[in-house]
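Visitor: Following is a predicted model, sequence given first.
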Amino acid sequence: MTRVPTGIPGLDEMIEGGFIEDDVILVTGCPGAGKSTFGIQYLYKGAVDYNDPGLYVTLEESPARIMRNMWRHGWDLERLTKEDKIRIIRANPIVYSRYIKESQDNIGTASAEIATIEHLLKEIYRNVKETGAKRLFIDSITSLKISSDPVNVRHVILEFIKNIENMDCTTLITSEISDNCGEFNVEEYLCEGVIRLHMFRVGGNRVRALEILKMRGVKHKESIHPYTITDGGIVVYPSESVIGHENDAMDFTTL
Ligand SMILES: Nc1ncnc2c1ncn2[C@@H]1O[C@H](COP(=O)(O)OP(=O)(O)OP(=O)(O)O)[C@@H](O)[C@H]1O
């Protein structure tokens with residue numbers, strides 16, 4: 001089985017050397033956990049260290065703002081996009097579904113949402129083929145949950161992940177959570193792997209910790225390990241543990 005190095009120091013040794021090629025892995029966490037940084041680091045290191053072309057699909061942030069923020073870590077995304085080693089495409093599902101609904105009066109809500117997903121998948125596929133991308137990063141799947149009907153949402157997410165699995169890319173998808181102890185999202189059941197970025201409050205300090213919730217076909221670490229976001233990006237510490245003191249609040253809620 002071919003392994004794809006993650007580009008995150010410390011992570012590969014938790015998952016037997018890297019992601020399994022062509023798997024779809026979900027990265028979940030609350031706001032500020034570092035989900036986007038994680039995915040961009042995966043693409044950036046893939047392009048620079050392994051010569052893997054990458055495609056970044058942003059469903060929220062503008063490419064200009066992403067490039068600006070990533071300068072903080074010394075990552076020159078602009079140069080890589082000019083060289084077409086990384087391509088960034090932006091799609092806004094809400095705007096697109098509104099356009100479909102307005103342009104076709106007789107279309108039902110459900111079909112507008114499916115039409116939106118189909119359009120997005122076609123765009124992703126076209127860009128994957130054009131760039132020869134080996135690494136794909138989609139940020140975030142939560143943006144696709146534009147329907148207020150949970151059955152509809154489930155259908156859309158299922159359709160999306162099933163199609164992404166057939167893109168011949170090793171894919172990271174981010175998913176937002178607001179409550180670490182709450183119910184699991186549908187995408188967590190559907191993806192091959194789930195990495196959760198926790199933020200705990202221990203006494204007066206914030207502690208970041210990474211957990212592999214699942215990784216099918218991989219003998220992975222079951223324990224939770226600290227990570228930091230540094231000027232060089234995310235670093236995980238697999239030989240260190242997150243230790244709370246007896247009187248400290250180990251608080252899973254959003255900080
Ligand atoms: N050089 C740095 N050193 C320490 N922390 C940093 C550094 N650069 C960024 N950060 C932290 O990383 C966070 C950015 O993470 P990122 O945008 O990847 O999170 P996210 O989980 O995608 O958030 P959201 O869900 O809100 O989009 C910042 O909020 C900041 O706290």
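Guide: Structure's in. What do you need? Bear in mind that the values here come from a model prediction, so they are computed numbers and not experimental data.
Visitor: low-confidence ranges in the stretch 101-250 of the chain?
Guide: Applying pLDDT under 70 to the stretch 101-250 of the chain flags residues 101-111, 179-182, 243-250.
Visitor: Let's see that with 50 instead.
Guide: Within the stretch 101-250 of the chain, the stretches with pLDDT under 50 are 246-250.
Visitor: ranges for the helices of it?
Guide: Here the stretch 101-250 of the chain has its helices, by DSSP state H, counting those that start in this stretch, at 109-131, 150-164, 186-190.
Visitor: in the chain, which spans are strands?
Guide: Using DSSP state E, the strands of the chain run over 3-4, 19-20, 24-29, 54-58, 86-90, 135-139, 170-176, 193-202, 205-215, 225-230, 233-236.
Visitor: Tell me which of those sits nearest to the ligand.
Guide: Among these, the nearest to the ligand by C-beta to the nearest ligand atom is strand 225-230 (3.8 Å). To be clear about C-beta, it is placed using only N, CA and C from the backbone, and glycine gets the same treatment.
Visitor: re the thing from before, export the strands of the chain to CSV and append columns for mean neighbour count and distance to the ligand.
Guide: What follows is the strands of the chain, written out as CSV (neighbours: other C-beta atoms under 10 Å; distance: least, C-beta to the nearest ligand atom, whole Å):
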stretch, mean neighbour count, distance to the ligand
strand 3-4, 18, 20
strand 19-20, 24, 19
strand 24-29, 24, 5
strand 54-58, 24, 10
strand 86-90, 20, 15
strand 135-139, 25, 7
strand 170-176, 25, 6
strand 193-202, 21, 7
strand 205-215, 18, 9
strand 225-230, 18, 4
strand 233-236, 21, 8
